[in-house]
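Enquirer: coords please:
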Amino acid sequence: QVQLVESGGGLAQPGGSLRLSCAASGFTFSSYAMTWARQAPGKGLEWVSGIDDGVSTFYADSVKGRFTISRDNAKNTLYLQMNSLKPEDTALYYCAKALSSDVWRGYDAWGQGTRVTVSS
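Expert: Below you'll find the model as predicted:
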């Protein structure tokens, strides 16, 4: 079955960096779009970034220019490089598998999340 396992979260100082990883299994990773979303304490789920089955990437305005999404299809792994972190980036970060190669058609599998805390 589809399995998504996030890692790489932790504590970072404002202005610092973290790289999240999402190890995927149980499906043909290279054929599907993938996304990152986050949920801050006491708030709803927020879409952060998506990547299609090729090289097209998409970002929420709140992270554009600071975060970079990428994928390594040989390793079945999705990444999120987060730079210039802000306290408002504090959240539980999830990766998700799309229904197709299109980022915008919905998602049918989610990981358990990895926690990111940005604080001095």
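Enquirer: After the helix or strand encompassing Y94, which helix or strand is next? Please name it.
Expert: Applying DSSP states H and E as the criterion places Y94 in strand 91-98. Going down the chain from strand 91-98, the next helix or strand is strand 107-110, by DSSP H and E.
Enquirer: Please state the offset of that next one from the chain centre?
Expert: 12 Å (Cα atoms, centre = their mean, to the nearest Å).
Enquirer: Within its sheet, name the partner strands of it and how each one runs.
Expert: Note on strand 107-110: by DSSP bridges, its sheet partners are strand 91-98 (antiparallel).
Enquirer: Excluding residues flanking it in the chain, which one is nearest S119?
Expert: P87 (6.3 Å; Cβ to Cβ, 6 or more residues apart in numbering). Yep, even glycine has a C-beta here, placed from its N, CA and C like the rest.
Enquirer: for R105, same thing?
Expert: Closest to R105 by Cβ to Cβ, 6+ apart is L99, at 5.0 Å.
Enquirer: now swap in K97 and tell me
Expert: Closest to K97 by Cβ to Cβ, 6+ apart is A109, at 4.3 Å.
Enquirer: Tell me the confidence at the one you found?
Expert: Among the per-residue scores, A109 shows a pLDDT of 97.
Enquirer: same check, this time on G113
Expert: For G113, the predicted pLDDT is 97.
Enquirer: Cool, thanks, signing off.
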